[in-house]
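whatever this is, show me its structure:
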Amino acid sequence: MAQGINLTGKSHYEASRANKQYGGDRLCVTEGCKTTLSKYNSDDKCFLHAPKKQGRVRGWKQPK
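Okay, the predicted model is just below:
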């Protein structure tokens, strides 16, 4: 007789903590820029004026 497999888990995603928020109605600090920043953006500049950053590299790299 074949036995069934019993699996348990969550029916939906539950965040472990709340997202950080940095206040609303903030503007880019660059002179002449009137871009409103997201409340989740920790920077004081918009995407166009913020210094460029290298993306995060994820995954496994084979040792030499």
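
below-threshold pLDDT in the protein: ranges please.
Under the criterion pLDDT under 70, the flagged ranges of the chain are 1-2.

now with 90, please.
Screening the chain residue by residue with the criterion pLDDT under 90, one finds the ranges 1-19, 23-24, 53-64.

and the gap between His49 and Arg26?
His49 is 13 Å from Arg26, where distance means Cβ to Cβ, to the nearest Å. The way it works is simple: take the backbone N, C-alpha and C, and place the C-beta from them, glycine included.

then Lys10?
Distance from Lys10 to Arg26, by Cβ to Cβ: 35 Å.

how about Gly4?
In terms of Cβ to Cβ, Gly4 sits 55 Å off from Arg26.

neighbour-wise, which of these two wins?
Arg26 (15 against 5; other Cβ atoms under 10 Å).

need the contact list for the more buried one.
36-37, 39, 44 (Cβ atoms under 8 Å, 6 or more residues apart in numbering).

which of the residues you listed tops the neighbour count?
Result: Leu37 is most packed of these (other Cβ under 10 Å), 20 neighbours.

quick check: the gap between the nearest residue to it once chain neighbours are set aside and Tyr13.
If the residues on either side of it in the chain are set aside, Leu37 comes closest to Arg26, at 4.5 Å by Cβ to Cβ, 6 or more residues apart in numbering. Applying Cβ to Cβ, the value for Arg26 to Tyr13 is 29 Å.

buried stuff in stretch 21-39?
28, 37 (16 or more other Cβ atoms under 10 Å).

so how far is the first residue of that stretch from its last?
5 Å (Cα to Cα, to the nearest Å).

how about stretch 41-53?
Start-to-end, stretch 41-53 (Cα to Cα) is 14 Å.

hmm, Lys34 and Leu48 touching each other?
No: under the criterion of Cβ atoms under 8 Å, Leu48 makes no contact with Lys34, lying 11.8 Å away.
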